[in-house]
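K.L.:
sequence first, then the predicted structure:
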Amino acid sequence: MSRIASQATIVDFDPYATRLEDPGTHQLGSRVDLTDGRALRFFKAGTSNTSMAKLKLAPAPVANHQNIVVNTAAAIGATQVSVTLGATAATAGQYNEGFIVVNDATGEGQVFEVYSHPAAASAGSLTLKISNAVRVALVASTSEVTLVHNAYNASVEGTSATRRAAGVGIVDVLAGDYGWLVTKGVASCLTGSAGTLGSQLMSDASTAGAVTDHTDVTAPQAQVIVGQQTFISGVTGENQPITVCID
């Protein structure tokens, strides 16, 4: 079944410690609220090293892992779902602690948390173990699903203004290691092309890990707001205090 987490008082906690550890110590995305008003979430770095004071983004959605068919019927109570991928391979654990959303046909509307899965080849079959059992049976070659990353599994420093943001780093984390990101409250973050005092901020389009002014006033929903320039004006290339408002 799905794991349920509740807020707790943590006495011995060092958010600046990083580690390479077996999954399970903390669930990816686990949140800790600090007494200084900041909120942190647990994450795993992707295939590249990540830096403090830089914005992290969720892994990019994979078009060939969306709206794909279930290739084996899954009865009520089943704890795994098997799908046929499009023309993009999947690496082992790519969707761990992410989701399967049944988006069309029989069983649509259900959401399953992914527990684990192996690698699979392009256009191959992928079987994903799920934490919450199937409630409405899925039909082979009919039910369609979309695979959704956990935003904190293999987070990266990118330049997309439309990708979901994961948080701002407070310490350098090596590729594949685990650490914590600021998702609410004060953080130091790299300024990109602009940082107007009082402006809402988004991911910079040219400098990975930087933030810049939210600019699209005609279609603001097309750009993900990650914070606000609340203290001083940003200076391109410098790390400036911002207020993060990812969650």
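P.N.:
Perfect, thanks for sending it.
K.L.:
buried sites along the host helix or strand of C189?
P.N.:
Using DSSP states H and E, C189 sits in strand 178-190. Buried residues in strand 178-190, counted by 16 or more other C-beta atoms under 10 Å: 178-190. (Glycine included, C-beta is placed from N, CA and C.)
K.L.:
in the sheet, which strands lie alongside the helix or strand following that strand, parallel or antiparallel?
P.N.:
Moving toward the C-terminus from strand 178-190, the next helix or strand (DSSP H and E) is strand 200-203. Strand 200-203 has the following strand partners under DSSP bridges: strand 211-213 (antiparallel), strand 227-228 (antiparallel).
K.L.:
beta-bridge partners for L40, please?
P.N.:
V32, V182.
K.L.:
re earlier: any chance of the strands paired with strand 200-203 in JSON lines, with distance to S30 too?
P.N.:
Converted to JSON lines, the strands paired with strand 200-203 look like this (distance: least, C-beta to C-beta, whole Å):
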{"stretch": "strand 211-213", "distance to S30": "24"}
{"stretch": "strand 227-228", "distance to S30": "21"}
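K.L.:
right, so of those strands, which gets closest to Q110?
P.N.:
Among those, strand 227-228 comes nearest to Q110, with 33.7 Å by C-beta to C-beta.
K.L.:
contact partners of that closest one?
P.N.:
Outside strand 227-228, the residues within contact range by C-beta atoms under 8 Å, 6 or more residues apart in numbering are 168, 187, 189, 198-201, 211, 242-246.
K.L.:
same thing but at 6 Å, please
P.N.:
Residues from elsewhere that reach strand 227-228, judged by C-beta atoms under 6 Å, 6 or more residues apart in numbering: 200-201, 242-245.
K.L.:
same question, stretch 101-112
P.N.:
With C-beta under 6 Å, 6+ apart, stretch 101-112 has contacts from 99-100, 130, 132, 136, 138-139, 142-146.
K.L.:
of these, grab the buried ones for PyMOL.
P.N.:
Buried subset of the contacts of stretch 101-112, written as a PyMOL selection, criterion 16+ other C-beta under 10 Å:
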select buried, resi 99+100+130+138+143+144+145+146
